[in-house]
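> take a look and give me a structure for this.
(one chain, ligands or ions: 1)
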Amino acid sequence: MRRFFVRALVRPLALAAAATGIPLLYATPVAADSVVIGSFPIDVSASPWTVALSSRDRFGGTRAGQFCGGVVIGRTTVLTAAHCMGEDVLGVSPQRVGDLKVIANRTDLLSRGGQEIPVRAVRVSPDYDSRTNAEDYALLTLAEPLPQSSVIEMAAAGDPAYRPGTGAMVSGWGDLTGGGDYARSLRATRLHVLSDARCEKAYPNGAEGAYLARSMLCAGEPAGGHDACQGDSGGPLVAQGKLIGLVSWGSGCGRAQNPGVYTRVSEVVRARERSAGAAVPRDAR
Ligand code: 4AZ
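Numbering: from 1, shown residues only. Predicted coordinates for the structure are as follows:
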């Protein structure tokens, strides 16, 4: 995650600094605006589709091996970010992570609650572009089914939940401060869907970090302070009871001028319809 953090977060800032001529350090006062505020603890029963991705082999046991979030979209199917399955995060290809698991229905990572279920197969979106972060999703097939009560419906294109101004909630075990202060217990924050124009302005065209409205969704608060951060990646952004986004990338955390960028979940729905089960497993329907 650290290497992804550097790649995904620092480069857009560097590009912005180059474009404006404002020195990078002046443009990014670390202490003032990299702190995520406004998150609150929640019990996983309030968001039973939120799961932790875990590998104790790769990430150690101090937080049960948690390194990303995920979302239950079928009893044996978890949706996460493609970049969570990247070699720059895992160190090796996901197939070579022997203990890749999904931790479900557990609020406190170090408790014994819920289920730990091995991941049987990983399918990264064939359209994922690690350079632009476009189509940042992957599907995990679980070795055992989760309860139906953990499954959340994905919002298709045109669903009113995608409209700017819609209230939404994001949840995860990610960084609380932007300084590597990872949560042990599940947290959430409320924010709003923002216009594509807002993120196009925040992330102008560049070799990396450009906002692409077709496959990305912009969310945050006009004043900043409510945001996902490193370690939340792959986790759910939910509005009107449906899944609309996956935590994907952004510049810093909680900065007013840099909203969070999410994978647009309607793209996952579209890919599933297009391929009629080839790219997306049937049990995800
Ligand atoms: C990350 O590195 C990450 N503030 C996730 C979300 C955001 C930034 C970084 C959005 O996983």
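> burial count for the one residue in the stretch 101-250 of the chain that gets nearest to the ligand?
The ligand sits closest to residue 250 of the stretch 101-250 of the chain, with a gap of 2.9 Å, by CB to the nearest ligand atom. Where you see a C-beta, it was placed from the backbone N, CA and C, and this is true even at glycine. Look at residue 250: counted by other CB atoms under 10 Å, it has 28 neighbours.
> once you drop chain neighbours, what's closest to it?
Nearest residue to residue 250 in three dimensions, chain neighbours excluded: residue 260, at 4.6 Å (CB to CB, 6 or more residues apart in numbering).
> need the helices for the stretch 51-200 of the chain, in chain order.
Counting by DSSP state H, counting those that start in this stretch, the segments of the stretch 51-200 of the chain that form helices are 56-59, 87-90, 196-202.
> what mean pLDDT does the last one have?
In other words, helix 196-202. For helix 196-202, mean pLDDT is 95.
> packing partners for it?
If you count contacts as 3 or more CB pairs under 8 Å, 6 or more residues apart in numbering; DSSP states H and E, helix 196-202 packs onto strand 216-220.
> swap the cut-off to 10 Å and go again
strand 216-220, strand 260-264 (3 or more CB pairs under 10 Å, 6 or more residues apart in numbering; DSSP states H and E).
> can you check the first one too?
Under the contact criterion of 3+ CB pairs under 10 Å, 6+ apart, helix 56-59 touches strand 66-74, helix 87-90.
> between the two ends of stretch 155-173, how far is it?
Stretch 155-173 has an end-to-end distance of 24 Å (CA to CA, to the nearest Å).
> avg pLDDT for it?
pLDDT averaged over stretch 155-173 gives 98.
> list the buried ones in it?
155, 156, 159, 161, 162, 166, 168, 169, 170, 171, 172, 173 (16 or more other CB atoms under 10 Å).
> hang on, isn't the fifth one packed against residue 243?
Read that as residue 162. No: in this structure, residue 162 is not within contact of residue 243 by CB atoms under 10 Å, at 11.1 Å.
> mutual contacts of these two, please.
155, 265, 266 (CB atoms under 10 Å, 6 or more residues apart in numbering).
> for residue 123, give its distance to residue 82.
For residue 123, the distance to residue 82 equals 10 Å [CB to CB, to the nearest Å].
> okay, the two: which has more neighbours?
The neighbour count for residue 123 versus residue 82, taken as other CB under 10 Å, is higher for residue 82 (27 against 18).
> can you get me a residue count around the nearest residue to the more buried one once chain neighbours are set aside?
Of all residues not flanking residue 82 in the chain, residue 128 sits nearest, at 3.9 Å (CB to CB, 6+ apart). Counted with other CB under 10 Å, the neighbours of residue 128 add up to 20.
> local confidence estimate at residue 128?
At residue 128, pLDDT is 97.
> can you name the residues of the stretch 101-250 of the chain sitting close to the ligand?
Residues of the stretch 101-250 of the chain found near the ligand (CB under 6 Å from any ligand atom) are 227, 228, 229, 230, 232, 233, 247, 249, 250.
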